[in-house]
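1. Quick check, what structure comes out for this input:
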Amino acid sequence: FGTYSGSSSGGTVTGLGFKPRLVIGKRTDSSANWYMFDRFRESGDALTTYFEANNSDQETTYSNFTLTVTNDGFTTGNFSAVGANGGTYIYMAFA
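-> The predicted structure is shown next:
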């Protein structure tokens with residue numbers, strides 16, 4: 001569990017000590033939905049399929065809305081819901 005800030009290249013979280021299989025997060029400094037990315041349904045490390053936890057829509061795939069898992073954390077694209085420049089985010093990551 002933690003926080004991160006977005007930048008012109010997205011957001012970055014390191015130091016988790018594991019490669020995440022599920023990441024749930026939300027922007028806290030403006031209105032946004034909860035996002036959920038997982039490596040159970042999508043192969044590789046660049047994840048573009050996600051759910052919005054507080055929305056009844058089906059899963060969505062959007063190439064600009066990206067989360068890339070690393071061996072020690074994750075990075076996001078520069079998209080308002082996951083990594084906008086100057087945005088503040090909370091997250092939960094699970095192995």
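2. show me where this protein has strands.
-> Listed in chain order, the strands of the chain (DSSP state E) span residues 2-7, 10-13, 22-27, 35-38, 46-47, 49-52, 60-61, 67-70, 73-76, 88-94.
3. So in this structure, where's the weakest helix or strand by average pLDDT?
-> strand 60-61 (a mean of 78; mean pLDDT, DSSP states H and E).
4. List the contacts of it.
-> Residues outside strand 60-61 that contact it (CB atoms under 8 Å, 6 or more residues apart in numbering): 48-52. C-beta here means a position set from N, CA and C on the backbone, and glycine is covered the same way.
5. Tell me the most packed of these, by neighbour count.
-> In terms of neighbours by other CB atoms under 10 Å, the contacts of strand 60-61 top out with residue 50 at 23 neighbours.
6. measure that one to residue 1 for me?
-> 19 Å (CB to CB, to the nearest Å).
7. again, but for residue 7
-> Residue 7 is 21 Å from residue 1, by CB to CB.
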